[in-house]
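*Asks:* Below is the structure, and that's it, no one-letter string:
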C-alpha cells in the first residue's frame, strides 16, 4: 500500500524512524526491497522533513528511493510545543517508492 499516512503517538525526542520496503505476495515469503533510517535530527525541527530517501539493501547496482514527509505534531496536551517531548506525536506520510523491483 502506498500513499499511507500514520500518526505515531508518544514519540520520544531522539528516536529515529526506520522504513523497510517489502514485497508481500502469496506465492513466497516477503522479500526486502530496501530500507533506510531517517535520523531524528533530520525531521525533529521546525518544518519537519519532506524529500526522497535513498534505500539501502535494494540489490547490487539498484538505486531506489522512498518519498517521505514527517511533521512533528503538537502533543495532545496543548501546553506543550510541537517538538518531540514526552507525549509528542508525528505524522508520517509514505509515498510509493521508485525503482524498487524484485
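*Replies:* Looks like it arrived, so ask away. Values in this document were obtained by computation on a predicted structure and should not be read as measured data.
*Asks:* The helix or strand bottoming out on mean pLDDT in the chain packs against which elements?
*Replies:* Lowest mean confidence among the helices and strands of the chain (mean pLDDT, DSSP states H and E): strand 88-94, at a mean of 72. Here strand 88-94 touches strand 4-11, strand 17-23, strand 65-73, going by 3 or more Cβ pairs under 8 Å, 6 or more residues apart in numbering; DSSP states H and E. Backbone N, C-alpha and C define where each C-beta goes, glycine included.
*Asks:* gap between stretch 52-70 and the chain center?
*Replies:* Mean C-alpha position of stretch 52-70 versus that of the full chain (Cα atoms, centre = their mean, to the nearest Å) differs by 12 Å.
*Asks:* separation between the residue of the chain most remote from its centre and residue 11?
*Replies:* Distance from the C-alpha centroid of the chain, by Cα atoms, centre = their mean, peaks at residue 27 (27.4 Å). Going from residue 27 to residue 11 by Cβ to Cβ, to the nearest Å gives 37 Å.
*Asks:* for residue 23, which residues make a bridge with it?
*Replies:* Beta-bridge pairing of residue 23, defined through DSSP bridges, involves residue 31.
*Asks:* so it sits right up against residue 58, yeah?
*Replies:* No. With contacts counted by Cβ atoms under 8 Å, residue 23 stays clear of residue 58, the gap being 11.1 Å.
*Asks:* Pick out whichever of those two has more residues nearby.
*Replies:* Shown here are residue 23 and residue 58; by other Cβ atoms under 10 Å, residue 58 has more neighbours (23 against 13).
*Asks:* and the more buried one, that's in a strand?
*Replies:* No. Residue 58: not assigned to a strand; according to DSSP: H, G, I helix; E, B strand; the rest coil it is coil.
*Asks:* roughly how far apart are it and residue 52?
*Replies:* Distance, residue 58 to residue 52, by Cβ to Cβ: 13 Å.
*Asks:* How about residue 64?
*Replies:* Taking Cβ to Cβ, one finds residue 64 at 10 Å from residue 52.
*Asks:* Same drill for the two, tell me which one is more crowded.
*Replies:* Under the neighbour definition other Cβ under 10 Å, residue 64 and residue 52 were set side by side, and residue 64 has more, 21 against 14.
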